[in-house]
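**Q** Fold the following.
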Amino acid sequence: MKALIQRVRRASVTVDAQCVGTIEQGILAYIGLGPDDDLTSAQRMVDKILTYRIFDNDDDPAKYGKLDKNVQQVGGGLLLVSQFTLMAKTDKGRRPDFGGAMAPDAAQALFAQLVAYANTQHPNLATGQFGANMQVSSVNDGPLNFLLEVN
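**A** Numbers count the residues shown, from 1 in each chain. A predicted model of the protein is given here:
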């Protein structure tokens, strides 16, 4: 499982001209699911995203400007967007190979479980719409982007 996370000032997802998810300061996380991923790896990924320290610690002068706080500590939002293209194989040729992505039906079920778990861990949660053509808008803060992986 992979997650591309971005520290954002705000982010939103629109489907068919309707906003389906929005957050203010926090993390926009694109989630890619592989064929071997399961609920355990999904929970590990959510835990990693929520505790990954990518926010400045402005409270402690000794740590000013250091990435020392996580999204929970700053009261930020979490926007989860399913993104099978993260699992593409791109090492050969000029066209992505999506054979590394989980099958759509299984991925939809696992993504729903991941969202349900995230909702129990973090109250300020929004999502995109699985399988939809989404327009994602964000104001990246930094910019800070990290590719996280769990097995």
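**Q** Geometrically speaking, which residue is the centre of the chain?
**A** Residue closest to the average C-alpha location in the chain (C-alpha atoms, centre = their mean): residue 29, at 1.6 Å.
**Q** Where do the helices of the protein begin and end?
**A** Applying DSSP state H to the chain gives helices spanning 39-51, 104-121.
**Q** now the angle from the last one to helix 39-51?
**A** Angle of helix 104-121 versus helix 39-51, following axes from the mean of the first three to the mean of the last three C-alpha atoms, to 10 degrees, is 50 degrees.
**Q** Any chance you could list what contacts helix 104-121?
**A** By C-beta atoms under 8 Å, 6 or more residues apart in numbering, the surrounding residues in contact with helix 104-121 are 31, 33, 35, 37-39, 42-43, 45-47, 50, 78, 80, 82, 84, 101-102, 125, 127, 130-131. For every residue, glycine as well, the C-beta is placed using N, CA and C.
**Q** cool, the shortest one as well?
**A** Surrounding helix 39-51, the residues in contact under the criterion C-beta under 8 Å, 6+ apart are 1, 3, 5, 27, 29, 31, 33, 70-72, 78, 110, 113-114, 117-118, 121-122, 148, 150-151.
**Q** No further queries at this time; thank you.
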